[in-house]
Every structure is written in structure tokens, then in C-alpha cells.
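Trainee: Predicted coordinates and the sequence they were generated for:
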Amino acid sequence: MHETGGEHLVSESPERVEAEFVLGNEVGLHARPAALLVKTAARFTARITVTRGDRAADARSLFSLLALGATRGSAVMVRAEGPDAREALAAIAALFENNFSE
Amino acid sequence: MVGLVLVSHSKQLAEGLLDMVRQVAGPEAAIAVAGGTDDGRLGTSAALILTAIDSVDTGDGVLVLVDLGSAVMTTDLVIDEMPLERRPRVRISGAPLVEGAIAAAVHASIGASLDEVAAAADTARLADKVL
């Protein structure tokens, strides 16, 4: 178990990592933050999914991310699977920690 | 990089949409607008559309996003006038203009192919605004 800041790495192996984040930015996962997430996810080969409750989104799909309806204060789980899963999750964690540069 | 062209009957709509796309998707994508007629009225212009396509065509392809009806017809005419070998890399998207432009710009800006950018715009067709 590894813990930094607000997120908890709840499982780890070289291929599959996941962490929970709470949206601290003003607007939640709206268009611009979601676009940043898509652009970040696309830099990696890992398959990245974002879930909120029973809704799941592909991190490379802007509209599936927007359909999560994740507002400020929402908790989302980000899971990365693939050879560069760890790097992908770290890059996404940085987005949440910086509140999507708002 | 795949280029994008935003075609609208209204110059203000096309330019306003470009501002919005830049704000959401970032500054990287090559995007041109063709709004209104040559003399600034509501309508579409083959000359403006061709100029816009030329300005963002680096050889990787151009996706043209349109607002309504004759925007498709005018763009079709422009593509029909192109040399045969150029036509396959200039494509019209059937996606809704605002959402399609934003999704396409996000993917174009990360170096996606024309097929990928067109597919990203198409995801906007099923997107429900009201959750």
C-alpha cells in the first residue's frame, strides 16, 4: 500500500494500478479538465478507465468522461492497465493534484 | 497533424466557436474557420471553405465540421473540385458542430490520424447534454 496526498493506491502490479481521487477544482470534470485528461491519457498505451459510482468512462473519450457527471467534491476511481500503467496513473494524478491547472 | 475547418452560415458563430474550442482543447490544433458568405452575409462560401481547408492541410488530412444543410452541400462542391488524389484526405463530419469540434480538436492536438479524429467527433453524436 502506497499513499500520497489525497489519493490511495489500492492495488498495484506492473500492469494494473488504480487510485481514487477527489475533484478539488471549481467546475469538476467539465469540458476543459476532461479534455486535459483525454490528452494526457492518449500519451500512454495503457487502457485507462475512470469510474464514478456505477458509471465508467474511457479516459480517451471526452463525452464518456463528461457523462460521469463528476462535480466538485466527487470521488472518482482511475484504473490504468498496460505496460506503462504506472506512468499513466502518475501523470493523471498530477492533473488532479494541480486541480487541472485551474 | 490533422487540420480542422469549422463551417457555419454565420461568421460570428464560426469565430466564437473557435474561441471556445481553443479554450477547451488548447492551442495546439490547426483550426481554420469559414463563416458566412464572401461579403459577410449569412450563408456559406465555397471560396472561404477552400481557403480554410488549404490553410490547415499539411497532408495528414482535414476534417470539416459543418452547422446545417447547405454547409454540407457547399463543402461537397469544394471537395469535388479538388484533384482526385487529394479528395480522400478531406472529409466532412456529420457530428454536431460544437461538441464535434471540441472532441476533434482534442484528438487532432495529440497527433491522432484522420480516422481517429473523425471517430472522436462522431462520439459527439450520442452524447447527452443532460445527465
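Mentor: Sure thing, it's come through. Residues are numbered from 1 along each chain as shown, chains lettered A, B, ... in the order given.

Trainee: Before we move on, what's the pLDDT of the residue nearest to A:Gly28 when sequence neighbours are not counted?
Mentor: Nearest in space to A:Gly28, with sequence neighbours left out and distances taken as Cβ to Cβ, 6 or more residues apart in numbering or on different chains, is A:Thr71 at 3.8 Å. Any C-beta I mention is one placed from the backbone N, CA and C, and that applies to glycine too. If you check A:Thr71, the pLDDT there is 94.

Trainee: residues in chain A within reach of chain B, list them.
Mentor: A:31-32, A:35-36, A:38-39, A:42-43, A:61-64, A:66-67, A:69 (Cβ under 8 Å from any Cβ of the partner chain).

Trainee: Which among these count as buried?
Mentor: Buried residues within the residues of chain A next to chain B, defined by neighbour count using 16 or more other Cβ atoms under 10 Å in any protein chain shown: A:31-32, A:35-36, A:38-39, A:42, A:61-64, A:66-67.

Trainee: List the contacts of B:Ala124.
Mentor: By Cβ atoms under 8 Å, 6 or more residues apart in numbering or on different chains, the contact set of B:Ala124 is A:Phe63, B:Ala95, B:Pro96, B:Glu99, B:Gly100, B:Ile102, B:Ala103.

Trainee: hang on, the earlier thing: my guess is the residue nearest to A:Gly28 contacts A:Asn25. True?
Mentor: No. Contact criterion Cβ atoms under 8 Å: A:Thr71 and A:Asn25 do not qualify, at 10.0 Å.

Trainee: Looking at those two, which one has more neighbours?
Mentor: A:Asn25 (17 against 13; other Cβ atoms under 10 Å in any protein chain shown).

Trainee: Not counting sequence-adjacent ones, nearest residue to that one?
Mentor: A:Asn99 (4.0 Å).

Trainee: so how many other residues sit close to the one you found?
Mentor: When neighbours are defined as other Cβ under 10 Å, A:Asn99 has 14 of them.

Trainee: Closest one of the buried ones among the residues of chain A next to chain B to chain B?
Mentor: Set against chain B, the nearest of those by Cβ to the nearest Cβ is A:Phe63 (3.8 Å).

Trainee: And that closest one, which helix or strand is it part of?
Mentor: Secondary structure assignment for A:Phe63, by DSSP states H and E: helix A:62-66.

Trainee: now the helices: where do they sit in chain B?
Mentor: Per DSSP state H, chain B carries helices over the ranges B:11-25, B:46-56, B:70-80, B:97-109, B:114-122.

Trainee: ranking the ones you listed by burial, who's on top?
Mentor: Across these, averaging neighbours per residue (mean count of other Cβ atoms under 10 Å in any protein chain shown) puts helix B:97-109 on top, at a mean of 27.

Trainee: Give me the distance between that one and the centre of its chain.
Mentor: Per Cα atoms, centre = their mean, to the nearest Å, the displacement of helix B:97-109 from the mean C-alpha position of its chain is 9 Å.

Trainee: Then stretch B:108-125?
Mentor: Distance, centroid of stretch B:108-125 to centroid of chain: 11 Å (Cα atoms, centre = their mean).

Trainee: how far does that stretch stretch from start to finish?
Mentor: Taking Cα to Cα, to the nearest Å as the measure, stretch B:108-125 stretches 18 Å from start to finish.

Trainee: average model confidence for that stretch?
Mentor: Stretch B:108-125 comes out at a mean pLDDT of 95.

Trainee: Next, count neighbours for A:Ser101.
Mentor: 9.

Trainee: Of all residues in chain B, which one is closest to chain A?
Mentor: Nearest residue of chain B to chain A: B:Ala127, at 3.8 Å (Cβ to the nearest Cβ).

Trainee: which ones are touching the nearest residue to that residue once chain neighbours are set aside?
Mentor: In space, and not counting its chain neighbours, B:Ala127 is closest to A:Phe63: 3.8 Å by Cβ to Cβ, 6+ apart. Residues in contact with A:Phe63 (Cβ under 8 Å, 6+ apart) are B:Glu99, B:Ala103, B:Thr123, B:Ala124, B:Leu126, B:Ala127.
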